[in-house]
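Peer 1: Build the 3D model from these lines:
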Amino acid sequence: MVLTPLIKRQLRIFALLTVLALFLAMVVYARVPAMLGVGVYEVRAEYRDASGLYPRAQVTYQGVEVGKVTELELGRDGAVAVLRIDAEHEIPSDVVAELHSTSAIGEQYVDLVPPADEASPADEPATLADGDVIGVERTVEMPQIAPVLESVNGLLDSVPAARTRRVLDQVDDGLAGSGPDLRGLIDDADALLTEAQDRLAVTRSLIRTAQPVLATQQSLRNTTLSYARSLAVFTDELAGRDADLRAFLKQGPGGLDAATELVSDLQPTLPLLVTNLTTNGEVLNTYLPQIQEGLVYYPVTVARLQSAINPREQFGDVNLDLRANVNNPPACSQGYLSASQRRDPSVDRVRQVDRLAHCTVPDADPKSVRGARLLPCPQGGGRGPLPSSCGLTFGKGVWPEGTSGSRGGDLRRGLQGVATSQESLVQGWRSLVLGPASVR
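Peer 2: Below you'll find the model as predicted:
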């Protein structure tokens, strides 16, 4: 066989192309230089459990493939993965080696994640080099699916099949024919979600501002737990009294009707009474210290009177030590009726008088120093004859329609208009003063 020069040249070209193709295949696809340690460096990552990781798995950094897992070894505390990384990639030395899954069938790869607190651009962080070790404290394993599946399987086995089937049948019966209603409910829920998405900024602001409220609830944790325990005791007691509660609820409407009828019968007397009691209660609450003082001194005063009267009762006299002090200082007449308007002592009719009349001389005047004008104010810090003089304002009493609340006439007469005798007035006075504290 004779080879022409043309054929020889073609064979030489084909041989050269073949060598180049083999070289490219060895360098690019087979990565023979990397296998020989050229242009790469090896880093070892320690894991407590590297289940699912396999040689030739990918190694990525910020989503870019930077190398491969060459082999897996047993370490002192678990497994060691040997990572072969291309030398052209500079990776910080403080990265975290996390295991992730690339697919649903569990193929895993190593993702080198930079730390959250990255160094500033002015700093030059150290990079991984050949022989570096990523310790077990900077590695994250994949959660194992087998324990999860076992737990789910155990949960499914614990569900009673017959009851579940019965519940599903009842749900099917309950939802039968409710397709339009469910469709409307879903549409409304979609509109609600759309509205919530539009107001996302407001919702986030609400969540941020809710932190003080949640902190307050956390500080009140013990109180809330105590309330919950008390509520549990209360509900247990209600459960124990179920029969009584049912009887009460059964008979309650009749009692409520009777109570409603009673309240209607008390109209308008009861509202007027409650209103006037509220007004009186406000006054009593304001003057409570003075009332307490009066209740303290009243028994002592009655005891003193009894000590003067009771020992001499059989003789018809009283053991008194009187010291006259007439017109020193003179009696106060300013603020009262003039001498020409005063009632004659022989008149036994009571006429309308000014109930607010009192001595109106200046406070420094020695007359009537124990009179109304120097009464101490209940809140302290001043004196005056009326609540308004102390800056106090109380409500007025409410009277039935057609009445004014005032009654004139003879105060010595009762409701029937019968005159009260002088003797009964004297006995009534003695009973009022001495009766409550007398002991026989």
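Peer 1: Around residue 385, how many other residues sit close by?
Peer 2: Counted with other Cβ atoms under 10 Å, residues neighbouring residue 385 total 18. (Each C-beta comes from the backbone N, C-alpha and C, glycine too.)
Peer 1: ok, now residue 100?
Peer 2: Neighbours around residue 100, by other Cβ under 10 Å: 14.
Peer 1: For it, which residues are in contact?
Peer 2: The contact partners of residue 100, taken as Cβ atoms under 8 Å, 6 or more residues apart in numbering, are 108-109, 111, 142.
Peer 1: Which among those count as buried?
Peer 2: 108-109, 111, 142 (16 or more other Cβ atoms under 10 Å).
Peer 1: what are the ranges of the helices in the stretch 251-400 of the chain?
Peer 2: Along the stretch 251-400 of the chain, the stretches classed as helices by DSSP state H, counting those that start in this stretch are 269-286, 288-309.
Peer 1: can I get those in a markdown table with mean pLDDT and distance to residue 99?
Peer 2: Below are the helices of the stretch 251-400 of the chain laid out as a markdown table (pLDDT from 0 to 100; distance: least, Cβ to Cβ, whole Å):
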| stretch | mean pLDDT | distance to residue 99 |
| --- | --- | --- |
| helix 269-286 | 87 | 75 |
| helix 288-309 | 88 | 77 |
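Peer 1: Can you tell me which of those helices is nearest to residue 235?
Peer 2: helix 269-286 (34.1 Å; Cβ to Cβ).
Peer 1: Next, please give the residue ranges for the helices of the stretch 101-250 of the chain.
Peer 2: 145-158, 161-175, 179-198, 200-219, 221-240, 242-266.
Peer 1: residues near residue 201, how many?
Peer 2: 8.
Peer 1: and if you look at residue 96?
Peer 2: Residue 96 - counted by other Cβ under 10 Å - has 16 other residues nearby.
Peer 1: residues in contact with it?
Peer 2: Going by Cβ under 8 Å, 6+ apart, residue 96 touches 112-115, 134, 138-140.
Peer 1: where does residue 37 land on pLDDT?
Peer 2: According to the prediction, residue 37 has pLDDT 58.
Peer 1: same thing with residue 118?
Peer 2: So, for residue 118, pLDDT stands at 56.
Peer 1: would you turn the helices of the stretch 101-250 of the chain into TSV with distance to residue 325 and mean pLDDT?
Peer 2: Listed next are the helices of the stretch 101-250 of the chain as TSV, based on distance: least, Cβ to Cβ, whole Å; pLDDT from 0 to 100:
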stretch	distance to residue 325	mean pLDDT
helix 145-158	100	85
helix 161-175	98	88
helix 179-198	88	90
helix 200-219	67	86
helix 221-240	65	92
helix 242-266	55	85
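Peer 1: Please render these as TSV that adds distance to residue 337 to the earlier fields.
Peer 2: Putting these into TSV (distance: least, Cβ to Cβ, whole Å) gives the following:
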stretch	distance to residue 337
helix 145-158	98
helix 161-175	89
helix 179-198	79
helix 200-219	65
helix 221-240	64
helix 242-266	43
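Peer 1: Of the ones you listed, which is nearest residue 362?
Peer 2: That would be, of those and by Cβ to Cβ, helix 242-266, which comes in at 50.6 Å.
Peer 1: which parts of the closest one are buried?
Peer 2: Quick answer for helix 242-266: no buried residues (16+ other Cβ under 10 Å).
Peer 1: what's the offset of it from the middle of its chain?
Peer 2: 35 Å (Cα atoms, centre = their mean, to the nearest Å).
Peer 1: for it, packing partners?
Peer 2: Counting contacts by 3 or more Cβ pairs under 8 Å, 6 or more residues apart in numbering; DSSP states H and E, helix 242-266 packs against no other helix or strand.
Peer 1: Let me see the residues that make contact with it.
Peer 2: 238, 270.
Peer 1: From here on, call the first residue 50.
Peer 2: Sure thing, new numbering starts at 50, so read that last one as helix 291-315.
Peer 1: Report the angle between that helix and helix 270-289.
Peer 2: 90 degrees (axes from the mean of the first three to the mean of the last three Cα atoms, to 10 degrees).
Peer 1: I'd like to check the angle between helix 291-315 and helix 318-335, please.
Peer 2: 100 degrees.
Peer 1: domains in the protein, as residue ranges please.
Peer 2: 80-166, 338-384+412-450+480-489 (automatic domain parsing).
Peer 1: Could you say which of those domains is packed most deeply?
Peer 2: domain 80-166 (a mean of 16; mean count of other Cβ atoms under 10 Å).
Peer 1: Which residue is the nearest non-sequential neighbour of residue 122?
Peer 2: residue 129 (4.5 Å; Cβ to Cβ, 6 or more residues apart in numbering).
Peer 1: That neighbour in helix, strand or coil?
Peer 2: strand (DSSP: H, G, I helix; E, B strand; the rest coil).
Peer 1: now, among the contacts of residue 145, which is nearest to residue 248?
Peer 2: Once Cβ to Cβ is applied, the member of the contacts of residue 145 that ends up nearest residue 248 is residue 162, at 34.4 Å.
Peer 1: Quick check: the closest one vs residue 112, distance?
Peer 2: Applying Cβ to Cβ, to the nearest Å, the value for residue 162 to residue 112 is 11 Å.
Peer 1: if I pick residue 142, what's in contact with it?
Peer 2: So residue 142 contacts 174-178, 181 (Cβ under 8 Å, 6+ apart).
Peer 1: Per-residue pLDDT of the residue lying closest to it once chain neighbours are set aside, please?
Peer 2: Excluding the flanking residues, the one nearest residue 142 by Cβ to Cβ, 6+ apart is residue 175, at 4.3 Å. Note on residue 175: pLDDT of 85.
Peer 1: Neighbours of residue 175, how many?
Peer 2: Count around residue 175 with other Cβ under 10 Å applied: 10.
Peer 1: Residues contacting the longest strand anywhere in the chain, please?
Peer 2: The single longest strand within the chain, with elements called by DSSP state E, is strand 113-123. Here strand 113-123 makes contact (Cβ under 8 Å, 6+ apart) with 89, 91, 99, 102-109, 128-135, 138, 140, 159, 161.
Peer 1: Relative to residue 338, how far out is the closest residue to residue 442 other than its chain neighbours?
Peer 2: Once flanking residues are discounted, residue 442 sits nearest to residue 436: 7.2 Å by Cβ to Cβ, 6+ apart. The gap separating residue 436 from residue 338 is 14 Å, by Cβ to Cβ.
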